[in-house]
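K.L.:
coordinates for the following, if possible.
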Amino acid sequence: QVQLVESGGGVVQAGASLRLSCVASGRTFSTVTTSWFRQVPGKEREFVSSSTWGGARTAYADSVRGRFTISSDTGKNTVYLQMNSLKPEDTAVYYCAAQSRIRGSIESVEVYDYWGQGTAVTVSS
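P.N.:
Model prediction:
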């Protein structure tokens, strides 16, 4: 089992930055991909960004590419999401997810084995 704990959310104004952290514990050696998703009430959880463990490959949703950066520190078992130039439409609960084996599309919630509890981000205009 892998446990994921997110932190770093908050309330900021448009144009500001935040850095989210996701700390993994447990059988972290079994993690091959770690991703960030976000969800607003009444909508489906949507893909934000993904990274292979160690950061060799990354991917971003079109809506955040160029503003968000995913990175990882394997020594700390932590994945980060640096969010710059935040917009009100970035407001959501952000979730960290981990995949123990590569399968399917990384943008699909179905392929992830572990999820964190989420951290809320609110961007005011």
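
K.L.:
where do the strands of the chain begin and end?
P.N.:
Listed in chain order, the strands of the chain (DSSP state E) span 2-7, 10-13, 18-26, 33-39, 46-52, 58-60, 68-73, 78-83, 92-99, 114-115, 119-124.

K.L.:
go through these and name the closest to Ile106.
P.N.:
When the strands of the chain are compared by C-beta to C-beta, strand 46-52 sits nearest Ile106, at 4.5 Å. Heads up, the C-betas are built off the backbone N, CA and C, glycines and all.

K.L.:
okay, the residue nearest to the spatial centre of the chain and Val48: tell me how far apart.
P.N.:
Taking C-alpha atoms, centre = their mean as the criterion, Trp36 is the residue nearest the geometric centre of the chain, at 2.0 Å. Between Trp36 and Val48 the computed distance is 4 Å (C-beta to C-beta, to the nearest Å).

K.L.:
any common contacting residues for these two?
P.N.:
Leu81, Tyr94 (C-beta atoms under 8 Å, 6 or more residues apart in numbering).
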